[in-house]
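# Fold the following and give me the result.
(one chain, ligands or ions: 1)
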Amino acid sequence: MAQNRSVAPAEITFIKGHGTMNDFVLLPDDRAELELDSDLVRSLCHRRAGIGADGILRIATAGALVEQAVLSELPDGVLETDWFMDYRNADGSIAEMCGNGVRVFAHALVATGRAETGEVRVGTRSGPRPARILEHRGDRAVVRVDMGQPELLGLSSVQVGDRAFAGIAVDMGNPHLACVVPGLDGETLAALPLHRQPGFDTDFFPEGVNVEISTPLREGRVSMRVHERGAGETMSCGTGIVATAVAALADAGCTAGEVVVTVPGGEVAVGLTESGSTLTGPSVLVAEGTFRRS
Ligand SMILES: N[C@@H](CCC[C@H](N)C(=O)O)C(=O)O
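Numbers count the residues shown, from 1 in each chain. This next block holds a predicted model:
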């Protein structure tokens, strides 16, 4: 039963941050009192009329989100007292997970005194995603996230402009189609019309999909671009980066290894073992302030 839920206030305190330019508005709302509807999410994320972001990270305890009926129950492994990343895409839709978001969220927990530096428990709709702050210098941090076990779901394909690409469907808590394209180089990758929604198989992905296109693995590195469900093309996508590393390693005949993924917004490192995956990269907190709702 929702309790003490206020109507959305006229002024909302926010922090703005990004992880390899996948940018977020963070809303400190420990007791989950804010009515975070999709109109408010879209206003906050609007790049002309709002603050501008690929998504929203509400900071609340998991217990408060259950109490306010934002979550119907605690996801497996998440404790009532855990800080929970209540993630919304820029279009107002809810997503289960956000890899870059977890890095920025854990950094913000430490920067605002909600958690100690070191290992930080972060709850998500896909379960706990422990994060370790490896370096922390004020507004900048380097964070490693335990991203769990990627699940391979089979093969599908996408249409990007006049080209079709085959890919591996990977469940990272959220859905991905990671397409490693033989012979693709950085220049051709950069020219693909990924700003437009790629065509995908809606029977295979009834809830929509995040689409990654990448170069093949070369000396432990790939270059990738992404079109995100609910946000359009972004400069980086942490879950998509891990999905791409899985697909690039599979393409090279491996099920484990280290891959550095270059995205338009920077570089992130993935570690893949038989039992799980990690994502290591930067987090930057760039601003804080008050959003005035009109
Ligand atoms: N940018 C994120 C993924 C955000 C959610 C995604 N758009 C979805 O709808 O699944 C990341 O860093 O993983």
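
# Tell me how far stretch 103-113 lies from the chain's centre.
15 Å (Cα atoms, centre = their mean, to the nearest Å).

# May I have that stretch as CSV, with CA atoms only?
What follows is stretch 103-113, C-alpha atoms only, in CSV (Å, rounded to 0.1, in the frame of the first residue of the first chain):
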residue,chain,number,x,y,z
ARG,A,103,28.7,2.9,-11.8
VAL,A,104,27.4,6.4,-11.6
PHE,A,105,24.8,5.4,-8.9
ALA,A,106,27.4,3.8,-6.7
HIS,A,107,29.7,6.8,-7.1
ALA,A,108,26.8,9.2,-6.1
LEU,A,109,26.0,7.0,-3.0
VAL,A,110,29.6,7.5,-1.8
ALA,A,111,29.8,11.2,-2.9
THR,A,112,26.6,12.0,-0.9
GLY,A,113,27.6,10.0,2.2
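
# does it come close to the ligand?
No: shown here: stretch 103-113 not in contact with the ligand (Cβ under 6 Å from any ligand atom), separated by at least 8.5 Å. Every C-beta, even on glycine, is put in place using the N, C-alpha and C of the backbone.

# So for that stretch, mean pLDDT?
The average pLDDT within stretch 103-113 is 98.

# Same question for stretch 178-187.
Mean predicted confidence for stretch 178-187 is 98.

# and it, which residues are buried?
Buried residues in stretch 178-187, counting neighbours by 16 or more other Cβ atoms under 10 Å, are found at 178-181, 184.

# Strands - which of those residues land there?
Cross-referencing those against strands under DSSP state E gives 178-180.

# can you put the buried residues of stretch 178-187 in JSON lines and add distance to D91?
As requested, the buried residues of stretch 178-187 are exported to JSON lines (distance: Cβ to Cβ, whole Å):
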{"residue": "A178", "distance to D91": "22"}
{"residue": "C179", "distance to D91": "23"}
{"residue": "V180", "distance to D91": "28"}
{"residue": "V181", "distance to D91": "27"}
{"residue": "L184", "distance to D91": "29"}
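
# Specify which member of these is nearest to A252.
V180 (8.9 Å; Cβ to Cβ).

# Run a quick check on that closest one versus S223, I expect a contact.
No: V180 lies out of contact with S223 (Cβ atoms under 8 Å); the separation is 10.8 Å.

# Now for these two: what residues contact both?
Common contact partners of V180 and S223 (Cβ atoms under 8 Å, 6 or more residues apart in numbering): 214-215.

# ok, which stretches of the stretch 51-200 of the chain are helices?
62-67, 99-111, 186-191 (DSSP state H, counting those that start in this stretch).
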